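Asks: Could you work out the structure for the sequence below:
(2 chains)
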2 protein chains.
Amino acid sequence: MATIKDVAKVAGVSIATVSRVINRANNVVPATVAKVEAAMVELGFEVQGNRRLTINQGNDLLGLVVSRFNSPFYGLLTQGVEKIARKHGRNLMVLSGEYDEAREQEAIDVLLAKGCRNIVLHSKGMSDKVLTKLAKQLPGLVLVNRHVEGMEEQCVWLDNGEGTYLATKHLIEQGHRAIAYISCEMAVDDKADRFNGYCRALEEAGISLDPDWIEEVPFGEQGGVTAANNLLNKGLPVTALVAFNDFFAAAAMQVFKEQGISIPERLSIVGFDDVLPECYFSPKLTTIRNPIESMGMNAARLSIEGKDSALVRAFQPLLIKRDSVHSL
Amino acid sequence: MATIKDVAKVAGVSIATVSRVINRANNVVPATVAKVEAAMVELGFEVQGNRRLTINQGNDLLGLVVSRFNSPFYGLLTQGVEKIARKHGRNLMVLSGEYDEAREQEAIDVLLAKGCRNIVLHSKGMSDKVLTKLAKQLPGLVLVNRHVEGMEEQCVWLDNGEGTYLATKHLIEQGHRAIAYISCEMAVDDKADRFNGYCRALEEAGISLDPDWIEEVPFGEQGGVTAANNLLNKGLPVTALVAFNDFFAAAAMQVFKEQGISIPERLSIVGFDDVLPECYFSPKLTTIRNPIESMGMNAARLSIEGKDSALVRAFQPLLIKRDSVHSL
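Replies: Numbers count the residues shown, from 1 in each chain, chains lettered A, B, ... in the order given. Sure, this is the predicted structure:
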């Protein structure tokens, strides 16, 4: 086996310098580090203990690309991926793709450039075609919270349409017929799925959709405020409401309460995602549980264990009944 | 200037291979990548456009070590650091130190190993002594949300004691004399500072602290529930409450409301941090604004611009008056 002495000889530097490179001292010039590391790789020199080389050794890493940093949803996703990274002795590196194709590609490129070959990707910007090509090139890539036809082995996703279907069906079973839906303006892939689930439940019950029931607003709490105000301006032509996510539900609920609309007596509300602590809602929110932390864990496992793993890829949504739905 | 041809010659590989390394193709064996990169560094070969080398080139990076991923507080911090990273054309890499000294050190080591020399660190585990040493070795390190004596040039912090002092003083000015304080069990550096600010305001007003007013509970929403229940079990011997953070305040408020305690008429509440959307509180929470996003931005700027920068290091807390305080 190659020794430090061999490395020093091949690199044409002193043993002390090799030692400094191994220990990642800050006082070695980059060109020397490069020479020493090239010699180590060439000789198959193995670094002992938890010391590491800086070159082409991304096996200690797990990469995660989220769509944004500041959000409980991505916080939970990251937490799930981190749990698995720790189990496998990997360090988790998180980058943000900002819902943008070029940014997502850049984040992946940075991880690849650092030697990281295991990447969990939350992509909202890339097309199915681009993702399919990427997945073929990179077996350690796993797409989380999105289903792309033909690359199911490298995907972990939720049946979003089933979620809003369950939410709407629950309201119909409680006697509601006029049910609003708050959708998001951004053209993300789950937008259509969630809207379709809502429509499917109405259709099944023979209810024809009234366009006045639909509000399409920007992401975030402010969107929920806008949607609630719009519905109030239209005379609140509904007795119940399904929201695209819990943030919309929380903000809308606050507006309704301030306007004297009692929840759930006058208006029942069902959210989606279940990523906010219960204590932020009064009454507590009935919602659809999106197991994003659990999906993150399985995506990380798949990335590390490979696509032959029998882990669950297709997650099912659950209706969580709390206190924001009233029977008519 | 060195050309691709020169690099190929020195590395002893074909021009096509050099090109593949530049373009980060996946089909070049690590030993070859190392040889080519070493030759590039040796010759001072410059890669054009946005192509990048994988070795010793962490100048495209900004590193951030948070204490945990799943939290609005760290979400806002990350968002602030990311804004500056983008302005400087850097990619932000985020790792978590989990309130633990060894994990924090490991996160820094990973960033250094990837060539990253600009690091914003949120440390709860490392001692002042360790941090001071680290800061000397690494001029691009900036500590955020913590003040370490003697390394002020590489710190961005909030006057935490002043924050709880302002909160408590505000309650006293509204006529309150019996004021509870919810503290956290974990021995973080701001725990003592925030508690001292509360004590200072009481002392100034000639109020002697009653030990029954103090609840020390675990971090997180559940801690707030416990504290509220304990205070109720003691017969709620106060008319007002200052919470270590908004999470405690939110969870406690929910418990009090469920027990029929009207907020703010029977109990006034002031939080700390102002990191939660207003819509999660009813009534809206009066709190102390911790400018964590803004501190993250200045920490990132300091890391990149260097310690001679005249940027603000010491941030002042602000009292944000909303609807959770009642005058006696």
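
Asks: give me the number of residues near whatever residue of the stretch 201-328 of chain A ends up closest to chain B?
Replies: Ranking the residues of the stretch 201-328 of chain A by distance to chain B (C-beta to the nearest C-beta) places A:Y280 first, at 3.7 Å. To be clear about C-beta, it is placed using only N, CA and C from the backbone, and glycine gets the same treatment. Around A:Y280 there are 25 other residues, counting by other C-beta atoms under 10 Å in any protein chain shown.

Asks: which non-adjacent residue is nearest it?
Replies: Excluding the flanking residues, the one nearest A:Y280 by C-beta to C-beta, 6 or more residues apart in numbering or on different chains is B:Y280, at 3.7 Å.

Asks: so the one you found touches A:S282, yeah?
Replies: No. Counting by C-beta atoms under 8 Å, B:Y280 stays clear of A:S282, with 9.6 Å between them.

Asks: Can you tell me how far the nearest residue to A:M126 once chain neighbours are set aside is from A:L95?
Replies: Closest residue in space to A:M126, ignoring its immediate chain neighbours: A:E101 at 5.2 Å, by C-beta to C-beta, 6+ apart. Applying C-beta to C-beta, to the nearest Å, the value for A:E101 to A:L95 is 14 Å.

Asks: Over to A:I108?
Replies: 8 Å.

Asks: got any residues that touch both of the two?
Replies: By C-beta atoms under 8 Å, 6 or more residues apart in numbering or on different chains, A:I108 and A:L95 have these common neighbours: A:G63, A:V65.

Asks: So for those two, which sits in the more crowded spot?
Replies: Neighbours per residue (other C-beta under 10 Å) separate A:I108 from A:L95, with A:L95 holding more: 26 against 22.

Asks: Okay, and the more buried one sits in which element?
Replies: Secondary structure assignment for A:L95, by DSSP states H and E: strand A:91-96.

Asks: Moving C-terminal from that strand, which element do we reach first?
Replies: Using DSSP H and E, the helix or strand that directly follows strand A:91-96 along the chain is helix A:101-113.

Asks: what's the weakest-modelled helix or strand in chain A?
Replies: helix A:30-43 (a mean of 77; mean pLDDT, DSSP states H and E).

Asks: Report how many residues lie close to A:A135.
Replies: Around A:A135 there are 21 residues (other C-beta under 10 Å).

Asks: wait, I meant A:A187
Replies: By other C-beta under 10 Å, the residues close to A:A187 number 9.

Asks: what about A:R86, helix or strand, and which?
Replies: Going by DSSP H and E, A:R86 is in helix A:72-87.

Asks: how much distance is there from that helix to the middle of the chain?
Replies: Using C-alpha atoms, centre = their mean, to the nearest Å, the mean C-alpha position of helix A:72-87 is found 9 Å from that of the whole chain.

Asks: now swap in stretch A:302-316 and tell me
Replies: 16 Å.

Asks: Repeat that for stretch A:314-328.
Replies: Worked out by C-alpha atoms, centre = their mean, stretch A:314-328 lies 21 Å from the chain centre.

Asks: swap in stretch A:269-288?
Replies: The chain centroid and the centroid of stretch A:269-288 are separated by 19 Å under C-alpha atoms, centre = their mean.

Asks: just stretch A:67-76 next, same as before
Replies: So, by C-alpha atoms, centre = their mean, the centroid of stretch A:67-76 is 7 Å from its chain's centroid.

Asks: Alpha carbons of that stretch, as CSV, please.
Replies: Presented in CSV, the C-alpha positions along stretch A:67-76 are these (Å, rounded to 0.1, in the frame of the first residue of the first chain):
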residue,chain,number,x,y,z
SER,A,67,-37.3,25.0,-4.3
ARG,A,68,-36.8,27.6,-1.6
PHE,A,69,-35.3,27.8,1.8
ASN,A,70,-37.7,29.8,3.9
SER,A,71,-40.7,27.4,4.2
PRO,A,72,-42.0,24.8,6.7
PHE,A,73,-42.6,22.5,3.7
TYR,A,74,-39.0,22.5,2.6
GLY,A,75,-37.9,22.5,6.2
LEU,A,76,-39.6,19.2,6.8
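
Asks: How about residues contacting it?
Replies: Outside stretch A:67-76, the residues touching it (C-beta under 8 Å, 6+ apart) are A:66, A:94, A:96-99, A:122-124, A:245, A:273, A:275-276, A:290, A:292-293, A:296, B:69-72, B:74-76, B:78-79, B:82, B:94.

Asks: average model confidence for that stretch?
Replies: Mean pLDDT, computed over stretch A:67-76, is 93.

Asks: How many neighbouring residues does A:G44 have?
Replies: 10.

Asks: do the same with A:T3
Replies: 12.

Asks: ok, the residue of the stretch 201-328 of chain A closest to chain B - contacts?
Replies: Applying C-beta under 8 Å, 6+ apart, the residues near A:Y280 are A:A250, B:A250, B:L276, B:Y280, B:F281.

Asks: 7 Å - rerun?
Replies: Neighbouring residues of A:Y280 by C-beta atoms under 7 Å, 6 or more residues apart in numbering or on different chains: A:A250, B:A250, B:Y280.

Asks: Minimum pLDDT in these, which residue is that?
Replies: For these, the pLDDT minimum is B:Y280, 86.

Asks: count of residues packed around A:A178?
Replies: Applying other C-beta under 10 Å, I find that A:A178 has 15 neighbouring residues.

Asks: pretty sure it is touching A:T239, no?
Replies: Yes. Using C-beta atoms under 7 Å, A:A178 is in contact with A:T239, at 5.6 Å.

Asks: Can you pull the poorly scored residue ranges out of chain A?
Replies: Along chain A, the parts satisfying pLDDT under 70 run over A:1, A:24-27, A:30, A:46-58.

Asks: Could you list the domains of it?
Replies: Domains of chain A are assigned by automatic domain parsing as A:4-43, A:61-158+A:292-317, A:160-290.

Asks: So for the shortest one, first residue to last residue, what's the gap.
Replies: With C-alpha to C-alpha, to the nearest Å as the measure, the ends of domain A:4-43 fall 10 Å from one another.

Asks: Specify the next element, helix or strand, located C-terminal of whatever helix or strand A:T164 lives in.
Replies: Assigned by DSSP H and E, A:T164 falls within helix A:160-173. The helix or strand immediately downstream of helix A:160-173 is strand A:179-184, counting by DSSP H and E.

Asks: hmm, that next one in reach of chain B?
Replies: No. Using C-beta under 7 Å from any C-beta of the partner chain, strand A:179-184 stays clear of chain B, coming no nearer than 13.8 Å.

Asks: Please name the residues that touch A:A167.
Replies: A:V242, A:V270, A:F272, A:I288, A:L319.

Asks: Regarding the last one, what is its secondary structure?
Replies: Right, the one you point to is A:L319. strand (DSSP: H, G, I helix; E, B strand; the rest coil).

Asks: I'd like to know how far the closest residue to it other than its chain neighbours sits from A:T239.
Replies: Excluding the flanking residues, the one nearest A:L319 by C-beta to C-beta, 6+ apart is A:L166, at 4.7 Å. Distance, A:L166 to A:T239, using C-beta to C-beta: 18 Å.

Asks: A:D128 now?
Replies: 38 Å.

Asks: the more surrounded of those two?
Replies: Ranked by neighbour count (other C-beta under 10 Å), A:D128 and A:T239 place A:T239 first, with 20 against 16.

Asks: what sits against A:V238?
Replies: A:A178, A:I179, A:A180, A:W213.

Asks: Spit out the contact partners of the first one.
Replies: Spelled out, it's A:A178. A:W213, A:P237, A:V238, A:T239.

Asks: Please tell me how far it sits from A:V225.
Replies: For A:A178, the distance to A:V225 (C-beta to C-beta) stands at 22 Å.

Asks: Can you give me the neighbour number for the nearest residue to A:Y198 once chain neighbours are set aside?
Replies: Distances taken as C-beta to C-beta, 6+ apart put A:T164 closest to A:Y198, at 4.5 Å, once the chain neighbours are dropped. A:T164: 28 surrounding residues under other C-beta under 10 Å.

Asks: same question, A:E265
Replies: So A:E265, with other C-beta under 10 Å, has 9 neighbours.

Asks: Angles on the backbone of the closest residue to it other than its chain neighbours, please.
Replies: Leaving out its chain neighbours, the residue that sits closest to A:E265 by C-beta to C-beta, 6+ apart is A:H326, at 5.5 Å. Main-chain torsions, A:H326, degrees, to the nearest 10: phi -120, psi 140.
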